[in-house]
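K.L.:
Provided below for reference: sequence and predicted model.
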Amino acid sequence: MSAKKGDAVAVHYTGRLEDGSIFDSSVSRSPLGFTLGDGNMIKGFDSAVYGMVIGDKKTVTIPAAEAYGERRQDMIIEVPLSQVPPDIHPELGLQLTLQGPGGQPMPVTVVELDEEKIVLDANHDLAGQDLIFDIELVSIG
């Protein structure tokens with residue numbers, strides 16, 4: 001039986017960047033479970049699992065466009081320091097959560113700071129990067 005849309009599947013995976021550095025892995029944890037085609041996984045990862053059978057292993061390279069997208073300049077936000085709440089002490093690399101359009105949380109990272117403003121980056125950390133995944137299909141349920 002091969003994995004198809006709507007199947008509940010579980011995989012072990014290791015995700016690497018093109019320089020070989022590992023950004024995430026399930027190998028020392030429980031397998032990652034998800035439903036194929038439900039939109040909860042990045043498009044390229046979901047597509048890679050289609051047609052696999054239990055025990056199959058593969059390595060796929062997912063281009064940025066099918067992963068977390070390209071880095072977008074419109075996701076860089078400048079905020080005057082006068083608008084930063086007094087209980088927040090911005091520093092480079094600090095991660096904050098803003099309220100996005102529609103009220104959903106929007107994680108951002110402080111990427112620049114001076115006497116007048118802070119610059120926040122709302123791009124996903126992996127945006128703009130091609131991702132390499134080693135995937136093993138563990139179960140289809």
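P.N.:
Ah, there it is.

K.L.:
got a list of contacts for the helix or strand of the chain with the lowest mean pLDDT?
P.N.:
Every helix and strand in the chain was compared by mean pLDDT, DSSP states H and E; the lowest is strand 95-99, with a mean of 91. Here strand 95-99 makes contact (Cβ atoms under 8 Å, 6 or more residues apart in numbering) with Ile77, Ile88, Pro105, Met106, Pro107, Val108, Thr109, Val110, Leu120, Ala122. No exception for glycine: its C-beta is placed from N, CA and C like everyone else's.

K.L.:
just list whatever residues bridge to the first one.
P.N.:
It stands for Ile77. Using DSSP bridges, the bridge partners assigned to Ile77 are Leu120.

K.L.:
just to revisit the earlier point, got a markdown table for the contacts of strand 95-99, with secondary structure, pLDDT and neighbour count too?
P.N.:
Conversion of the contacts of strand 95-99 to a markdown table gives the following (DSSP: H, G, I helix; E, B strand; the rest coil; pLDDT from 0 to 100; neighbours: other Cβ atoms under 10 Å):
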| residue | secondary structure | pLDDT | neighbour count |
| --- | --- | --- | --- |
| Ile77 | strand | 94 | 15 |
| Ile88 | coil | 90 | 11 |
| Pro105 | strand | 92 | 8 |
| Met106 | strand | 90 | 16 |
| Pro107 | strand | 93 | 15 |
| Val108 | strand | 95 | 21 |
| Thr109 | strand | 96 | 15 |
| Val110 | strand | 96 | 19 |
| Leu120 | strand | 97 | 22 |
| Ala122 | coil | 94 | 16 |
